[in-house]
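Asks: here is the input, now give the coordinates:
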Amino acid sequence: MPAKRVRKLISQNRSVTPEQIRERLLFHLKYTRCKDWRTATEFDKMMSFSMAIRELAVDRMIATQRAYVDRDVKRVYYISMEYLLGRLLENNVAALGVYEASRQALKDLDIDLEQLMALEEDAGLGNGGLGRLAACFLDSLASLEYPAYGYGLRYEHGMFRQDFENGWQRERPDDWLKYGYPWEMVRPEYAVPVKVYGKLEWVPKVGGGKRPVWKDWQMLEGVPYDIPVIGFGVNTVNVLRLWSSRATEAFRLDVFNQGEYVKAVEEKNWAETITKVLYPSDFTYAGKELRLIQEYFMVTCTIQDVIRRYRRNHSTWSAFAEKNAIQLNDTHPALAVAELMRYFMDETTMTWENAWELTSRTFGYTNHTLLPEALERWPVPLMERVLPRHLQIIYDINEKFLSRIRLAYPGDEERVSRMSMIQEGEDRQVRMANLAMVGSHSINGVSALHTELLKDTVVPDFADMMPERFNNKTNGITHRRWLLISNPGLAQLITSKIGDGWIHDAEELKKLEPLAEDKAFCRTFMKVKEENKVRLANLVRDVTGEWINPESMFDVQIKRLHEYKRQLLNAMHIMTLYYRLKDNPGLDIVPRTFLFGAKAAPSYHMAKLIIKLINALGRAVNNDPDIRDRLKVVFIPDYNVSMAEVIIPAADLSEQISTAGKEASGTGNMKLSINGALTIGTWDGANIEIAEEVGLDNIFIFGHKAHEVADIQKSGSYDPWSYYNGNQELRRVIDAIRTNPFTPGEGPIFTDIYKHLMEHGDVFCHLADYEAYMDAQDKVAQAYRNKDEWARMAVLNVARMSKFSSDRTIHEYASDIWGIKAETIVDPVTETEEILKD
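Replies: Predicted structure coming up:
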């Protein structure tokens, strides 16, 4: 079903005409792009159209910000290192309700709207689920009319572009700003100073004693760039503010005139490095230093901006926590706690007690991981060199906190050591998660299981001492982006049956439940799925040159490449099916296309080796005449948000097979399920809550549970060889990984994977879960053969996914943590008309 056919169901803004859009497009083509129609490229037209659409948001954005100031509302500030925005043009056209006007305006200019929107580059300011979650939250905050700002970094180079060379991942720079970005607005008037390095000196203070003074620092500037976040079908337009680094003095003319041309721009080059790259490698000391400065740069710019905004309406600090809520999206922004304390202590006359009371009431902390290595730690000598004042403040916070622990648990010095913000020993480290937890009034996990494991296994001492701070906020996705816009055919079918109320209230999707028993509806539902599969097949052919059969089951695993997410287990299943067919070429199996999309961190050797293994396996399977296209394996390069918007609506089976107890939540599982894919997954993260919602009869759950995995690992009794020797199919798969029959000319290149599985303890329990996974996959195949039953289950998945809208999540954050209220923004056009009447 062509995408443009569904746009009529999106409520239209009748005050905007095709003529107005056409006029503004032509205006920007001439006066912004400096082109006439004859010389303009398709890119010029896309940029000009984007600017015309942005104009429609500007009045609302100004009205929104003015209302927040005039009403002196409490605002939430969401700080995240990542925002995986994807393309914004289509989303903004839909949110503003100007799809039909835009389509007609462009048709009059002989331009196809869909093709024009496809020219936009993804803004790759994130790595995976963390960044996409932040983008979904901003969408819901604006659509629900909450006063909110997003804060992050304007990386010059986002997540790398990925391609494959002989099956190996190769990384290329993501130069997303190369030709400009139409949605951003630079705000140099709000640039802020940023100090790093230097030393502390203790100087006498009035009344006796000494106080620390930060001296000999180096200074750079943070320049804000604003991106409008347009609420869907409302007048609210919030702001995502991204900080870019620059030198305070870009060019030393005196040095240049002495002939030292390189030295003359050294400061400029150093300063601009700070926001050059998303997540620079921290395997070297210099890389660690850059990562630390990056995180501090983000939080100090943000804190200064929050304070500036607060001071516009307030001459005292007493209402600071009543007017500001700051949410830390994982541990990356944890330095914000120390930075706000630094400001209160160094820039005001506030006492420590008052400063700490305001700080701890202002911050909330979201934990996103159960992996100890993901809880950031910074070497003390590094922080002492880069941020000497902040290290001292952390010492002071820690000293007072440890005193509280000793009062509450006298004599328990082991507990004191575990809860300290400083990890002692030869390699002293600052524990950023501990700082975030101590400095926040709320600590939340992102799924029910994750929150319980966080309290029970990751930070049990904190949960014991301050249980009132811990709460769960299960993640969600914006169903407007991931169903309405990404799957227009299904959106139109849903609206034709239950109306369009679901667009603003996901609970309305429950009205689809009775239709799961309507065979005619289910056939139409699967017809939409088939059309989406054809669309994806065309994309795969264009990108990879590989033909895939839309009539086969599309078995999809799309997520960041990490061992705990177990793309390797998926590959082991493919090998098993492959060898079954090699042994019995006449075997009747359900034809499957296995689709992977994932990027591995450039320095993550094992993840990159798994990508190579999957590509090698695909080469063998796809070119084997015995297989006869009954199996296909395709690893789609450079997976991103725009790619996901095509893959997800076409998926039949969603692979959510992480080792139980390792995935905090997952949101890909939600996006796939709400688009009618059935899930095969472990009892992990949000899979559990999805199973509870859709029903265990409509999901395929397998494998060891989190407590069973923990017991295996604690007991030390896990023996991969017992599984190897006890299962012939598994043994053949492991032997194949060791010997590499898939690309024999390259030799046994997957030895490291074999060693991780068989010699290094199989940390993520691939062998322990293998047999249960194979059994579950056999059940999937059996279910898929019954087309009517599969369709019924798929419809029920869509109907029962309303809990996983990010609207629900944001409502819970707003009421339980932030204490903010929705603020209705008056249409600025209507408001102007009323003023003129008066």
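
Asks: C-terminal to the host helix or strand of residue 471, what's the next element?
Replies: Here residue 471, judged by DSSP states H and E, is contained in strand 470-472. Using DSSP H and E, the helix or strand that follows strand 470-472 in sequence is helix 479.

Asks: other residues contacting that following helix?
Replies: Residues outside helix 479 that contact it (C-beta atoms under 8 Å, 6 or more residues apart in numbering): 502, 506, 509, 674, 801, 805, 807. Heads up, the C-betas are built off the backbone N, CA and C, glycines and all.

Asks: do the same with stretch 819-830
Replies: 15, 59-60, 62-64, 67-68, 71, 73-76, 144-148, 234-237, 325, 814.

Asks: buried ones only from those residues, please, as a PyMOL command.
Replies: Typed into PyMOL, the line below selects the buried ones among the contacts of stretch 819-830, using 16 or more other C-beta atoms under 10 Å:
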select buried, resi 59+60+63+64+67+68+73+74+75+76+144+145+146+147+148+234+235+236+237+325+814
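
Asks: now, which of the contacts of stretch 819-830 lie within strands?
Replies: Secondary structure assignment by DSSP state E places 75, 76, 148, 237, 325 of these in strands.

Asks: go through the chain and flag its longest strand.
Replies: Taking DSSP E as the criterion, the chain has its longest strand at strand 218-230.

Asks: what packs against the strand holding residue 471?
Replies: Packed against strand 470-472, as judged by 3 or more C-beta pairs under 8 Å, 6 or more residues apart in numbering; DSSP states H and E, are the following elements: strand 442-445, helix 448-453.

Asks: can we see that at 10 Å?
Replies: Contact partners of strand 470-472 among helices and strands, from 3 or more C-beta pairs under 10 Å, 6 or more residues apart in numbering; DSSP states H and E: strand 442-445, helix 448-453, helix 806-813.

Asks: of these, which is nearest residue 181?
Replies: Nearest to residue 181 among the helices and strands packed on strand 470-472 is helix 806-813; the distance by C-beta to C-beta comes to 24.2 Å.

Asks: how far off centre is that closest one?
Replies: Remark: helix 806-813 is offset 16 Å from the chain centroid, using C-alpha atoms, centre = their mean, to the nearest Å.

Asks: also stretch 633-650?
Replies: Centroid separation between stretch 633-650 and its chain, computed with C-alpha atoms, centre = their mean, is 16 Å.

Asks: distance between the ends of it?
Replies: Its first and final residues considered, stretch 633-650 spans 16 Å by C-alpha to C-alpha, to the nearest Å.

Asks: starting from the longest strand of the chain, tell me which strands it pairs with and how they run.
Replies: Sheet partners assigned to strand 218-230 using DSSP bridges are listed as strand 185-186 (antiparallel), strand 192-196 (antiparallel), strand 237-247 (antiparallel).

Asks: want to throw these into TSV with distance to residue 790?
Replies: Shown next, in TSV, are the strands paired with strand 218-230 (distance: least, C-beta to C-beta, whole Å):
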stretch	distance to residue 790
strand 185-186	48
strand 192-196	56
strand 237-247	40
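
Asks: point out the most buried one among those.
Replies: Comparing the strands paired with strand 218-230 by mean neighbour count (mean count of other C-beta atoms under 10 Å), strand 237-247 ranks first with a mean of 23.

Asks: can I get that strand in PDB, CA atoms only?
Replies: The C-alpha trace of strand 237-247 is given here as PDB (Å, rounded to 0.1, in the frame of the first residue of the first chain):
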ATOM      1  CA  VAL A 237       6.800  22.900  20.100                       C
ATOM      2  CA  ASN A 238       9.500  22.100  22.500                       C
ATOM      3  CA  VAL A 239      13.300  22.400  21.900                       C
ATOM      4  CA  LEU A 240      16.200  19.900  21.700                       C
ATOM      5  CA  ARG A 241      19.300  22.000  22.400                       C
ATOM      6  CA  LEU A 242      22.600  20.500  21.200                       C
ATOM      7  CA  TRP A 243      25.900  22.000  22.300                       C
ATOM      8  CA  SER A 244      28.800  22.500  19.900                       C
ATOM      9  CA  SER A 245      32.300  23.300  21.100                       C
ATOM     10  CA  ARG A 246      34.500  26.100  19.900                       C
ATOM     11  CA  ALA A 247      37.500  28.100  21.000                       C
END
